[in-house]
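J.: any chance you can model this:
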Amino acid sequence: MKKVNIAIISYGRIGRVHMKNLVASPYYNVVMVCDIVKPDDFETEYPEISFVSEYAEVLANPDVDAVLIGTPTSLHPMQIKAAAEAGKHVFCEKPLGSSMKEILKAYEAVRKSGVIMQTGFNRRFDDDFLAIKSRISEIGEPHILKITSRDPGMPPIEYVEKSGGLFMDMTIHDFDMARYMFGEVKSIFVQAAALVEPAITTYGDVDTAIIILTFENGAIGVIDNSRQAVYGYDQRIEVFGSKGMLQNDNHLESNTVLSSKAGVFSEKPQHFFLERYLKSYDTELTYFAKSILDESPVVCTMEDGIMAVKIAQAAQKSYQIGSTVVLSNS
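T.: Sure, this is the predicted structure:
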């Protein structure tokens, strides 16, 4: 069976998650890993995989078919562009960048090169969301979308400073999911505040938000976000239409429920995204490989990544000006 020879760019938390999935996958050979810091145990754990510190070494290697980019957001456009120009297929973690001008330069390079490009919105590949998407025609005409997405706790202030803000860092997953379910977003209105950690206002950021979306098809969406749900990682979705409703609830630490005279007690939701969405990270890479090997359609394209960034930027603008922002979907 033919495999994709892939290199991982950045070996941080998400890079290590992808590494385990890629090494175990029947669709990939991990050829190289690139990062400025080499872990002490890397050679022991992966003796046959080359570790380099310069991105240029990856692009110059003729054995590399594709790259997986997990570097800081600001580097994404430059690295996507360089990879495309080198003829390497690209998988890039969200978001595609913070500057739309630079993202569009990268997009043009991908378009001209003809390489496969997939954006890393892993939630599209979650079994629950895939099930809703596959049955969404059963609800008839779409009317209402509700997404709840709440983290279990605030990230470190150092992370917030460089994250790009709530809408670009966290809600961008929900923006992509909204488009995936109901199509293009026509306008957006945001009400938000820093209710968990007021210090983040120093960076123009918020930690709590209610977002109202109007879709091109006339449907209405509501997203609610919080950086601190003390009971766990709160991830719920509901799609409602003229013929019915589809919804799924949180994944719990255990399905065991205690019923007694004192009440009915269930477990808390799973703690964070690595527990809740672990399988989806593996599934999205399988789809990427099949796009390369079998020429299957890319499920989450660069265009999808661009639109998610546009919505996130519109959300930030709406929060700043306090009114509805109309999007351009061109």
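
J.: so when I look at residue 7, I'm seeing a helix, right?
T.: No - using DSSP: H, G, I helix; E, B strand; the rest coil, the assignment for residue 7 is strand, not a helix.

J.: can you pull up the bridge partners for it?
T.: When assigned by DSSP bridges, residue 7 has beta-bridge partners residue 32, residue 67.

J.: okay, now it: neighbour count?
T.: Using other Cβ atoms under 10 Å, residue 7 is surrounded by 26 other residues. (C-beta placed from N, C-alpha, C; glycine too.)

J.: what of residue 3?
T.: Other residues within reach of residue 3 by the criterion other Cβ under 10 Å amount to 15.

J.: dump the residue contacts of it.
T.: Going by Cβ atoms under 8 Å, 6 or more residues apart in numbering, residue 3 touches 26, 27, 28, 29, 289, 293.

J.: skipping adjacent residues, who's closest to it in space?
T.: Closest residue to residue 3 apart from its sequence neighbours, by Cβ to Cβ, 6 or more residues apart in numbering: residue 29 at 5.0 Å.

J.: isn't the one you found up against residue 1?
T.: No - contact criterion Cβ atoms under 8 Å: residue 29 and residue 1 do not qualify, at 11.1 Å.

J.: which one's more surrounded, those two?
T.: Between residue 29 and residue 1, counting by other Cβ under 10 Å, residue 29 is the more crowded of the two (16 against 5).

J.: quick one: the helix or strand that one falls within to chain centroid distance?
T.: Secondary structure from DSSP states H and E places residue 29 in strand 28-34. With Cα atoms, centre = their mean, to the nearest Å as the basis, strand 28-34 stands 22 Å off its chain's centre.

J.: so for it, mean pLDDT?
T.: Per-region confidence: strand 28-34 scores 98 on mean pLDDT.

J.: kindly report the same for stretch 243-262.
T.: So the average pLDDT for stretch 243-262 ends up being 88.

J.: in that stretch, which residues are buried?
T.: 246, 248, 250, 251 (16 or more other Cβ atoms under 10 Å).

J.: which element is the first one on?
T.: Pointing back at residue 246 there. Here residue 246 is assigned to strand 244-248, by DSSP H and E.

J.: run through who's touching that strand.
T.: Defining contact as Cβ under 8 Å, 6+ apart, one finds that strand 244-248 is touched by 128-129, 131-132, 135-136, 138-140, 236-239.

J.: now do stretch 194-207
T.: With Cβ under 8 Å, 6+ apart as the test, stretch 194-207 has contacts from 154, 157, 160-161, 163, 165-166, 192-193, 208, 226-228, 319.

J.: inside strands: which ones of those residues?
T.: 192, 193, 208, 226 (DSSP state E).

J.: now these in a markdown table, with neighbour count and pLDDT?
T.: Below are the ones in strands among the contacts of stretch 194-207 laid out as a markdown table (neighbours: other Cβ atoms under 10 Å; pLDDT from 0 to 100):
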| residue | neighbour count | pLDDT |
| --- | --- | --- |
| 192 | 22 | 98 |
| 193 | 13 | 98 |
| 208 | 17 | 98 |
| 226 | 20 | 98 |
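
J.: noted, bye for now.
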